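Trainee: The following block contains a protein sequence and its predicted model.
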Amino acid sequence: MFGRNLHQLRRYRHIMVVLGKYGFQEAADIVAGRFPVHPLRWLIGRRRKKPHAHRLSRPERVRLALEEMGPMFIKLGQLLSTRPDLVPDEYIAELERLQDRVPPVDGALIKAEIESYLGRRIVDLFAEFQPHPLAAGSIAQVHRARLFDGREVVVKVRRPQIVETMRAETGILKDLAGLLRIVVLDEGDIDIQQMVDEFSEAIMREANLDLERKNLSRFQTHYANDPTVHIPFFCKDLCCEGVLVMEYIAGIRPGRPEVVRKAGLDPKIISERGARFVLRQIFEHGLFHTDPHPGNLFLLPGNVLAPIDFGQVARLGRGDLQLLNEIVVAIVENDAQVMLRALDRNQMIGESTDESRLRSQIENMLAAYTGLPLSEVPFNEMIAEVFAVIRHNHIRPPRQFTLMLKTMLTLENMATTMDPEFNLVEYLQPYARKYRLDSFGPRNLARNLRNAMREAGALANRMPDDMHSILNKLRSGKFQLRIHHEHLNELSDTVNKSSSRVSFALIIAALLVSSSMLVPQEGTLLRLISYQHLGMIGYLGAAVLGVGMVISMIRGRHV
């Protein structure tokens, strides 16, 4: 227990030093505030900005600080880069540059991990296993191997003790969730704790390699009859929560058009197939890859796409697709009311949203696309403006919906790199039109009518019981009204600090009184130390504690 607490104290100290180093002293004080009376808090101290930090922009300093604070904070930054509905564009651009830079685990330790997970020796599992990794990340690393039947595979293995480390790190993140508002999210009514909880859940899912195997299996089913997409095979009997064995893909990465052409491939065809690959995931399967960047995709002969990483996959609900369709329709028809109704129906407009201001901003945004054919609407600019309106008006879209739009933006950026004439809206239009027609088809109308009648009947059936329950609680005085106070945590922290200082003052007073009583006394305690010396030690301890409390109070005034 002591060792774990000491490790956490070191991590808190490192985080605080890094924040102060890059000019986020207010956030550093939040970290220091976790130890209001801890004797080691005085050892933490303040740290000046890095000599060149004042020459960097705030988003650059955020990225550098996250990189220096460690892998879990890098992962958090990568998650934030997928939330343009919360984070300004200039921060998104920097956070997208974050990459895991961790030293690889020794090959012998990785072999031991594989043998521990699969219960067999490496020599019995693979005909050949390369101890030097192909890639090393903060959660897992990848090694090349060969099966006894001659097939080339890659072995993805979780780093030793990574789950325990992640639990400890996410615990620290939850404890310090408030500093995110100061460092990055310094505007709006964002539920920071909920965001950190979402991150903790997502990172633990990513660490479960058996979930990735299941995602891989679903993609194999969805694209079994599509010759333009190759989904790698996996070895089910060699997969578990900590190990994933899948096909080794020998291809090239999407990149500059001349590099793609040199490999005998057609950049235009690849861009078209990439668009259909992603849009099929979204509109037909409701299961899509949330990070389709070039590093997760290979190109094979015949302009075949081969995705390789299935750890970050999200599911879409029908409501998310309907919301996207209504936003596209609102833009095409220049109808702000359609978009407002869509936002309101999905409970995205909160009490802090100024609806008249929101309507004005939507109308101004739509005016820029009035009269343009849908195929000429710049998708990336349009979605960037939608995110700006969402962010500035405290609108909270479903997380899956945000990931879907971010995925489309990533796809368009990658495709336009290879084909400058690529326009995602041309490929999106048929799906949106089909979805709209299906929504008004006889089958969907009948289903919606049945659902509405079922819900109305259930409401009518429950209403008498609900009213009876409410009246009984009112009569018995047990009716409770719960009120959420947004700044209650800050008030609680202030009360805790005040009570800690009062306790500290009582300890100092007790030391002074007891020392004053000991100094006049003659004799020794257990024949080891005189009462006078013991009293002087008490005076000295009271002085040290008093100076520490004064320093803490002075620092607190500057927070």
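Mentor: Arrived safely, thanks for sending.
Trainee: For the closest residue to Arg121 other than its chain neighbours, what is the enclosing helix or strand?
Mentor: Distances taken as C-beta to C-beta, 6 or more residues apart in numbering put Glu115 closest to Arg121, at 5.9 Å, once the chain neighbours are dropped. Every residue, glycine included, has its C-beta placed from N, CA and C. Glu115 belongs to helix 107-118 when assigned by DSSP states H and E.
Trainee: In terms of secondary structure, what does that helix contact?
Mentor: helix 122-125, strand 140-146, strand 152-158, strand 243-247 (3 or more C-beta pairs under 8 Å, 6 or more residues apart in numbering; DSSP states H and E).
Trainee: could the ones you listed be laid out in JSON lines, adding distance to Arg341 and mean neighbour count?
Mentor: Shown next, in JSON lines, are the helices and strands packed on helix 107-118 (distance: least, C-beta to C-beta, whole Å; neighbours: other C-beta atoms under 10 Å):
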{"stretch": "helix 122-125", "distance to Arg341": "57", "mean neighbour count": "15"}
{"stretch": "strand 140-146", "distance to Arg341": "45", "mean neighbour count": "20"}
{"stretch": "strand 152-158", "distance to Arg341": "45", "mean neighbour count": "22"}
{"stretch": "strand 243-247", "distance to Arg341": "44", "mean neighbour count": "23"}
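Trainee: Can you lay out these as JSON lines showing distance to Ile508 and mean pLDDT?
Mentor: Putting the helices and strands packed on helix 107-118 into JSON lines (distance: least, C-beta to C-beta, whole Å; pLDDT from 0 to 100) gives the following:
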{"stretch": "helix 122-125", "distance to Ile508": "62", "mean pLDDT": "95"}
{"stretch": "strand 140-146", "distance to Ile508": "52", "mean pLDDT": "94"}
{"stretch": "strand 152-158", "distance to Ile508": "50", "mean pLDDT": "96"}
{"stretch": "strand 243-247", "distance to Ile508": "57", "mean pLDDT": "96"}
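Trainee: quick one: which of those is nearest Asp85?
Mentor: Closest to Asp85 of those is strand 140-146 (C-beta to C-beta; 29.2 Å).
Trainee: List the neighbouring strands of the closest one plus their orientation.
Mentor: Strand pairing for strand 140-146, using DSSP bridges, gives strand 128-129 (antiparallel), strand 135-136 (antiparallel), strand 152-158 (antiparallel).
Trainee: Give me the contacts around the helix holding Glu115.
Mentor: Defining contact as C-beta atoms under 8 Å, 6 or more residues apart in numbering, one finds that helix 107-118 is touched by 121-122, 125, 129, 131-133, 141, 143, 155, 157-158, 160, 238, 240-243.
Trainee: again with stretch 506-514
Mentor: 535, 538-539, 541-542, 545-546, 549.
Trainee: mind redoing it with 10 Å?
Mentor: By C-beta atoms under 10 Å, 6 or more residues apart in numbering, the residues outside stretch 506-514 that reach it are 37, 534-535, 537-546, 548-549.
Trainee: how near is the residue nearest to Arg121 to Leu366?
Mentor: Per C-beta to C-beta, to the nearest Å, Glu115 is found 61 Å from Leu366.
Trainee: which residues of the stretch 301-450 of the chain fall in helices?
Mentor: For the stretch 301-450 of the chain, the helices defined by DSSP state H, counting those that start in this stretch occupy 318-333, 336-345, 355-367, 379-392, 399-418, 424-439, 442-476.
Trainee: How much space separates Thr221 from Tyr531?
Mentor: 83 Å.
Trainee: When the two are compared, which one has more neighbours?
Mentor: Tyr531 (17 against 10; other C-beta atoms under 10 Å).
Trainee: quick one: contacts for Arg218?
Mentor: Neighbours of Arg218 in contact, by C-beta under 10 Å, 6+ apart: 231, 285, 287, 310, 313.
Trainee: Would you mind giving the secondary structure of the first one?
Mentor: Classification of Ile231 using DSSP: H, G, I helix; E, B strand; the rest coil returns coil.
Trainee: number of nearby residues for it?
Mentor: So Ile231, with other C-beta under 10 Å, has 22 neighbours.
Trainee: Tell me who's in contact with it.
Mentor: Taking C-beta under 10 Å, 6+ apart, one finds 216-224, 246-247, 305-308, 310 in contact with Ile231.
Trainee: next one: the fourth one
Mentor: If you count contacts by C-beta under 10 Å, 6+ apart, Phe310 has them with 211-220, 231-232, 234, 244, 246, 289, 296.
Trainee: go again using 6 Å as the cut-off
Mentor: Taking C-beta atoms under 6 Å, 6 or more residues apart in numbering, we find Phe310 in contact with 212, 215-216.
Trainee: again, but for the second one
Mentor: Neighbouring residues of His285 by C-beta under 6 Å, 6+ apart: His222.
Trainee: Now it: phi and psi?
Mentor: phi -100, psi -20 (degrees, to the nearest 10).
Trainee: what's the answer for the one 4 residues further on, then?
Mentor: In terms of degrees, to the nearest 10, the main-chain angles of His289 are phi -80, psi 120.
Trainee: Look up the residues forming beta bridges with it.
Mentor: Residues in a beta bridge with His289, per DSSP bridges, are Val313.
Trainee: where's the residue nearest to the spatial centre of the chain, which helix or strand?
Mentor: The centre of the chain sits closest to Leu79, judged by C-alpha atoms, centre = their mean, with a distance of 3.2 Å. Using DSSP H and E, Leu79 sits within helix 71-80.
Trainee: What's the first helix or strand after that helix?
Mentor: helix 89-95.
Trainee: which parts of that next one are buried?
Mentor: 91-92, 94-95 (16 or more other C-beta atoms under 10 Å).
Trainee: Report the backbone C-alpha coordinates of that helix in PDB.
Mentor: In PDB, the C-alpha atoms belonging to helix 89-95 read as follows (Å, rounded to 0.1, in the frame of the first residue of the first chain):
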ATOM      1  CA  ASP A  89      -9.700  23.600 -34.200                       C
ATOM      2  CA  GLU A  90      -6.300  24.900 -33.300                       C
ATOM      3  CA  TYR A  91      -6.100  22.300 -30.500                       C
ATOM      4  CA  ILE A  92      -7.300  19.500 -32.700                       C
ATOM      5  CA  ALA A  93      -4.500  20.200 -35.200                       C
ATOM      6  CA  GLU A  94      -1.900  19.800 -32.500                       C
ATOM      7  CA  LEU A  95      -3.500  16.800 -30.700                       C
END
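Trainee: Which elements pack onto it?
Mentor: Contact analysis of helix 89-95 by 3 or more C-beta pairs under 6 Å, 6 or more residues apart in numbering; DSSP states H and E lists helix 58-69 as its packing neighbours.
Trainee: What residues does Ile362 make contact with?
Mentor: Going by C-beta under 6 Å, 6+ apart, Ile362 touches 336, 339.
Trainee: which one of Glu115 and Leu366 has more residues nearby?
Mentor: Neighbour count, other C-beta under 10 Å: between Glu115 and Leu366, Leu366 has more, with 20 against 16.
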